[in-house]
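K.L.:
following is a predicted model, sequence given first.
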Amino acid sequence: MSDVAPSSTATRTPSLAAIYQSARLPLVILFLSAGAWLLVGSIFGLIASLKFHMPSFLASAAWLTYGRVRPAANNAFLYGFCLQAGMGVVIWLISRLGRAPLVQTLPIAVAACFWNLGVTLGVVGILAGDASGFENFDMPGYAAPFLFLSFVIMATFVILTFHWRTIRELYVSQWFLLSALFWFPWIFSTAALLLLVFPVRGMAQAVIAWWYSNNLQVVCLGLIGLGVLFYFIPRLTRQNLRSRPLALIAFWFLMLFGSWGGIPNSASTPAWLPTISSVATILMIIPAIAIGLNIYGTTRLVFPRPYFTESSPAEEGRSEEAPMILNFFSLGLLAFLVFSALNANAAIAEKQWFLPFAADITDFTWFVPAKSFLNTYGFFAMAIFGAVYYIVPTLFPDEKLCPKMVRVHFYLAAAGIIFIFLPFAIGGLIQGFELRNPGIPFASILKHTLHFLRIATLGDLLLLGGHIVFALNITGVVVRSYRARALRAYAEATAAIVPEGAA
Amino acid sequence: MNYGPIIFLAAFFALATSWFGLVLTPQVQLGRMQPTNNIVDQATYPLSRPGLAREGLDVYRANGCAYCHSQQARQSGVECEIAVTDAGTNQAAAVQALLKIKAVSTPAEAERLLVNASNAPPRIRRGLSRTEADAELKTLEDAGLKTDLLILPIGPDMARAWGDRRSVAEDFLYDYPVMPGSQRIGPDLANVAARQQDPDWHLRHLYAPQSEVAGSVMPPYRYLFEKRRIERARSPDALALTGKLAPEKDFEIVPKREAKALVSYLLSLRADAPLFDAPFKTTVAMPAPATNNVPGSATNSAATNATPAAPPAAK
């Protein structure tokens, strides 16, 4: 492989500044539009949440009914933010870790625009009533080709960048990120072909939809999120990753067993499907332990804090907001560990002596969205926020993020996660225990759960606030930088022309 | 792991195993599933939904009903009951057998029970496991009694009348898309047609859920209805609304085609066919035609006599 690498780059490594410069345009598109989708998603999420206070709120318009707004919010978040910002972070990390400038910047930028076109079509389609009916794969068929092709184009050029890397040795994060680039096109094309183009019969559809949804949220986002944590936590704490073998265990287990999860115990399928899925999900506790131990061994801290031995000036990753950025990663790690434990617990079919509850309680309750929220938001989105805050200043070396806004965002996000996760989880458990008791009429179960759902609206508001701060902060850097460049160019263009020989 | 291709091979291998296990195999097993038979009357199950109900499935999908309603009744197991349908001819042996299985405590009680057997078959044993039931059946039949074995699916969902049995893959055989749902913000709909058969109730419920079910958080689906001026006479479809909901004089609320289709779909949702996968038997099969029980009503009472059914308001 290495003999194919161009000799010019094989001999000397390009400067980091040149690498960052090469990735600027696509990353700006990806991050800014991810921020916009984040806002769209959380506004729809807030509307959906408000409907639990007043069912008739915005109910007269078909496109604002709960059953459309809720999937629109989920899909805007998953495809508009998670995968898009995730792709941006992957691009940066692959160039950075391989010390290779991004190849084919323009096609990636164009593909990013087409990705956004796909997400727009998808979300509008859901609101218009064209949803596919498969959870987390709700986008209608006409959005799928855009999403698939633009992802494949972006992934291809990222893999080419990886191929032309000048540092041949691989770091742990690269395994995770490259696998994620491979994972998404496969699961997405499988789901699109077998659910939308040539739909399979009967319950096989639901099984494939569960398989897809789990592979997207747990494996694909998990691979990206863990790749990000494995890079940034050691970097910001100035330690070397403790153990490569432990990381390798996590990598293999996540791919081998994570991909088998997702079929709920209550599924109306032959029993072997939920059983095998449960076993795989329970085994997922092993990579979680391996990752926890590895990071603990690296930082020697339960909640990693930045570690600066000496105060040196503006070195990369040592900016004023670095401690706050690390908090995003630490919280993400914590959420990942808690999610893995809860997911394993909820995969066990019936109550055991060592467990207070199991799938027969948690299935069909708010506990399920609580734990998937912890994974996609608590873990993945937090890791991505941290990474974006780290990356954006490297793209615009002249501009700085507002450290205060980063801090505000962190506290809003942390409070939002608590105010959504806890009410959903506790309300879900109460709902689950009461559903098990046929003496309690359904109406009163609903009444008991409703208090918790209403508290969670506060969480939605906090998250929305955090997203506004996030979007303003990164947009500010980009706008200021481009305005400064425009002003410089304007000044140069309009500078008084000094006739030759006049001096 | 220092070479790119190895990583891709690793990812390929891992995903290929999962694809093989959770996409290809279910497709072979479930994707090629054929209709089965109702184990009682051997009728083909499932039948394709009627055309309007298929349209309704599309309305159900477009409005994301599955985000609040699951369609998967769960069952935690089965319980067997034994009913004596004929006292036989050897009363002494029958009494002995009844005493042996501890269905009665005194011979006098046993005799009283046998007298009524052919009229109203007594359910002499309840709450048995299948093995226990088989053993006791043998004892009774050896004594010349004619018996019937009842199989009652149990579990909280069954007790709420959310199904006569658990949902099985066959229930969704002809549906596209299949929307089993993951949430029970509203009640499970696997068996909704058996609980509430009145299409007008469903239409009124869609138009104004809170007027039919107090405390419901279901959003009203007014956009599936239209308000129009009464021309010559009231439309037969017009909703019978009272109080605050009633439209102004000379106006009426009429369901659009989507609303009718959706209700037709809801009325096609039943989990009450006994299948080989999920057997149940709640009515006593009488050897003689002389019986007080109308089969239909017996089904309902038998399914619900163990635990009270959820009131209609819990829909």
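P.N.:
That came in fine, so what should we check first?

K.L.:
for chain A, what is the nearest residue in chain B?
P.N.:
Chain A sits closest to B:G64 of chain B, with a gap of 2.4 Å, by Cβ to the nearest Cβ. No exception for glycine: its C-beta is placed from N, CA and C like everyone else's.

K.L.:
quick check on the nearest residue to that residue once chain neighbours are set aside: phi, psi?
P.N.:
The shortest distance from B:G64 to any residue other than its chain neighbours is 2.4 Å, reached at A:G67 (Cβ to Cβ, 6 or more residues apart in numbering or on different chains). As for A:G67, its main-chain torsions (degrees, to the nearest 10) stand at phi -70, psi -10.

K.L.:
contact partners for A:G67?
P.N.:
By Cβ atoms under 8 Å, 6 or more residues apart in numbering or on different chains, the contact set of A:G67 is B:63-68.

K.L.:
export these to TSV and tack on neighbour count?
P.N.:
Formatted as TSV, the contacts of A:G67 follow (neighbours: other Cβ atoms under 10 Å in any protein chain shown):
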residue	neighbour count
B:N63	22
B:G64	24
B:C65	25
B:A66	24
B:Y67	24
B:C68	19
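
K.L.:
nearest to A:N327, of those?
P.N.:
Of all those, A:N327 sits closest to B:Y67, with 33.3 Å by Cβ to Cβ.

K.L.:
and that closest one, how far is that from A:F134?
P.N.:
Noted for B:Y67: a distance of 12 Å to A:F134, by Cβ to Cβ, to the nearest Å.

K.L.:
then A:A34?
P.N.:
Distance of A:A34 to A:F134, computed by Cβ to Cβ: 23 Å.

K.L.:
same deal with A:I468?
P.N.:
Distance from A:I468 to A:F134, by Cβ to Cβ: 31 Å.

K.L.:
now A:V40
P.N.:
Remark: distance between A:V40 and A:F134 (Cβ to Cβ) = 21 Å.

K.L.:
higher neighbour count, the two?
P.N.:
Remark: of A:V40 and A:F134, A:F134 carries more neighbours, 24 against 20, as counted by other Cβ atoms under 10 Å in any protein chain shown.

K.L.:
show the contacting residues for that one.
P.N.:
By Cβ under 8 Å, 6+ apart, the contact set of A:F134 is A:191, A:195, A:205-206, A:209, A:212-213, B:177, B:179.

K.L.:
any idea which element residue 13 lies in?
P.N.:
You didn't say which chain, so I picked chain A. A:T13 is part of no helix or strand when elements are defined by DSSP states H and E.

K.L.:
hmm, no, I was thinking of chain B.
P.N.:
helix B:4-19.

K.L.:
elements contacting the helix or strand following that helix?
P.N.:
For helix B:4-19, the succeeding helix or strand toward the C-terminus, using DSSP H and E, is helix B:25-29. Contacts defined by 3 or more Cβ pairs under 8 Å, 6 or more residues apart in numbering or on different chains; DSSP states H and E place helix B:25-29 against helix A:203-214.

K.L.:
contacting residues around the helix it packs on?
P.N.:
Here helix A:203-214 makes contact (Cβ under 8 Å, 6+ apart) with A:134-137, A:187-188, A:190-191, A:194-195, A:199-200, A:258-259, A:261-264, A:267-269, A:273, B:18, B:22-23, B:26-27, B:29-31, B:33, B:169, B:172-173, B:176-180.

K.L.:
number of residues surrounding A:L50?
P.N.:
When counting by other Cβ under 10 Å, one arrives at 18 neighbours for A:L50.

K.L.:
quick one: contacts for it?
P.N.:
Going by Cβ under 8 Å, 6+ apart, A:L50 touches A:57, A:457.

K.L.:
just the pLDDT at it, thanks.
P.N.:
With respect to pLDDT, A:L50 scores 95.

K.L.:
distance of A:L333 from A:I391?
P.N.:
In terms of Cβ to Cβ, A:L333 sits 19 Å off from A:I391.

K.L.:
who's more crowded, these two?
P.N.:
Between A:L333 and A:I391, counted using other Cβ under 10 Å, the more crowded position is A:L333 (27 against 23).

K.L.:
correct me if wrong: that one contacts A:I295.
P.N.:
Yes - using Cβ atoms under 8 Å, A:L333 is in contact with A:I295, at 6.1 Å.

K.L.:
show me what contacts the residue nearest to A:G258 when sequence neighbours are not counted?
P.N.:
Nearest residue to A:G258 in three dimensions, chain neighbours excluded: A:V219, at 4.5 Å (Cβ to Cβ, 6+ apart). Contacts for A:V219 (Cβ under 8 Å, 6+ apart) come out as A:183, A:254-255, A:258-259.

K.L.:
cool, thanks, signing off.
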